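J.: Sequence unavailable; structure follows:
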């Protein structure tokens, strides 16, 4: 999907809507694009001569389990293809809708072909509803973690984004709750404010948390070289400076205490079977 109904005020994918001549604001949440033949195209790509399987990451831009998926079922069709040809996949989502596909995911997990990460920004329901208006509530995401884990699907939590002076105080609590619900791995991403996202987030912050505006933005800029955002590779996900180092250290200590990340799961690529449909280039004879 291009665009996302979840409407997360901080979403770094918002600027991609400008490529279509649409606004990264309301249009990103309301004027969506779907690729109905996604599974068919995927199968064709997997059948290409010389294709070498590597884990496919889904949900790293917009959410594949956003509300539109209830009617389109594109993700389930994609998983059917990946399951059929034994191709590994890693999923990141903010939606409890992922539970719908537990039957396929559990089947793939038996062959070490999948893992699922739930992104949790806050455990505060009120803050969540304001900041991520149409994403699943925090307790529903935790329930999805447990359901997947109980079904044998490897799960992790993404504490993302970490927003200084707004959600960073919850790092330990989110990791603890996630570990209790079956997560075995964890990661975090510092708030990213590229292009139009900076203005959208600042507008939201002024409207919803005016008393914290100066503090939040001051800390963000202290970790981004004095700017709202620094896109430098290797720094944009973590930031730099004393406060960024403190966030990283707190995360590492909490994860270690909870036994998270003791073993990083590497998905299996050796079972892949080509669809054998000629791929993108057809035979001449």
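T.: Perfect, thanks for sending it. The structure presented is a predicted model; accordingly, all values stated were derived computationally and were not measured.
J.: contacts, neighbours, all on C-alpha from now
T.: OK.
J.: Residue 108 and residue 218, how far apart?
T.: Using C-alpha to C-alpha, to the nearest Å, residue 108 is found at 45 Å from residue 218.
J.: distance of residue 120 from residue 233?
T.: Using C-alpha to C-alpha, residue 120 is found at 24 Å from residue 233.
J.: Which one's more surrounded, these two?
T.: Set side by side, residue 120 and residue 233 show more neighbours around residue 120, with 27 against 7, by other C-alpha atoms under 10 Å.
J.: now the residue nearest to the more buried one when sequence neighbours are not counted, what's its secondary structure?
T.: Distance criterion C-alpha to C-alpha, 6 or more residues apart in numbering; nearest residue to residue 120, sequence neighbours excluded, is residue 159 at 5.3 Å. The assignment at residue 159 comes out as strand when based on DSSP: H, G, I helix; E, B strand; the rest coil.
J.: in the sheet, who's paired with residue 159?
T.: Counting by DSSP bridges, residue 159 is bridged to residue 188.
J.: Tell me the bridge partners for the spatially most central residue of the chain.
T.: Nearest to the geometric centre of the chain sits residue 92, at 3.6 Å (C-alpha atoms, centre = their mean). Beta-bridge partners for residue 92, by DSSP bridges, are residue 117.
J.: I'd say it and residue 61 touch.
T.: No: counting by C-alpha atoms under 8 Å, residue 61 is not a contact partner of residue 92; they are 9.3 Å apart.
J.: The chain: strands as residue ranges?
T.: For the chain, applying DSSP state E gives strands covering 56-58, 89-93, 114-119, 155-162, 185-190.
J.: can I get those in a markdown table with distance to residue 74 and mean pLDDT?
T.: Listed next are those as a markdown table, based on distance: least, C-alpha to C-alpha, whole Å; pLDDT from 0 to 100:
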| stretch | distance to residue 74 | mean pLDDT |
| --- | --- | --- |
| strand 56-58 | 12 | 97 |
| strand 89-93 | 14 | 98 |
| strand 114-119 | 17 | 98 |
| strand 155-162 | 22 | 98 |
| strand 185-190 | 27 | 97 |
